[in-house]
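> Structural data only, the sequence is not supplied:
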């Protein structure tokens, strides 16, 4: 019952939050961690995968809409990395069902990556466009 109440409150907050940053994507790639080669191993891609990602004004929540579902995430922490020509934001997030991820918003390479908490898999979305509310 507590989970259902929390989910209802989270959905309500997500609905009334006015987004500051919007991102559309047009390619989804799946990777798994290859311990032998100590690198990400490409698994599959979907060139028809169109998604939308919205951050609220306070940068405390993210909503990710795919063709089959919508997920909400709470941003627990954030960091801006500008080292060696990078321009990426690293967020530690928790989904509306309690799963933990690292989300990396990479403007130099035009992608957003979701990495599982145990670092076993990564989903990378290619950024088609991004814009902010006026």
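Good, I have the coordinates. Since we're looking at a predicted model, the values are computed, not measured.
> Now do the strand or helix carrying residue 42: everything it contacts.
If you go by DSSP states H and E, residue 42 is part of strand 39-46. Identification of contacts with strand 39-46 by Cβ atoms under 8 Å, 6 or more residues apart in numbering yields 27-34, 122. Any C-beta I mention is one placed from the backbone N, CA and C, and that applies to glycine too.
> again with stretch 121-134
18-33, 40, 49-51, 53, 57, 107, 110-116.
> which of the residues in that stretch are buried?
122-127 (16 or more other Cβ atoms under 10 Å).
> taking those residues one by one, which sit in strands?
Among the buried residues of stretch 121-134, DSSP state E puts 122-127 in strands.
> and the residues you listed as JSON lines, adding pLDDT and distance to residue 92?
Formatted as JSON lines, these follow (pLDDT from 0 to 100; distance: Cβ to Cβ, whole Å):
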{"residue": "122", "pLDDT": "98", "distance to residue 92": "15"}
{"residue": "123", "pLDDT": "97", "distance to residue 92": "16"}
{"residue": "124", "pLDDT": "98", "distance to residue 92": "18"}
{"residue": "125", "pLDDT": "97", "distance to residue 92": "18"}
{"residue": "126", "pLDDT": "97", "distance to residue 92": "23"}
{"residue": "127", "pLDDT": "96", "distance to residue 92": "20"}
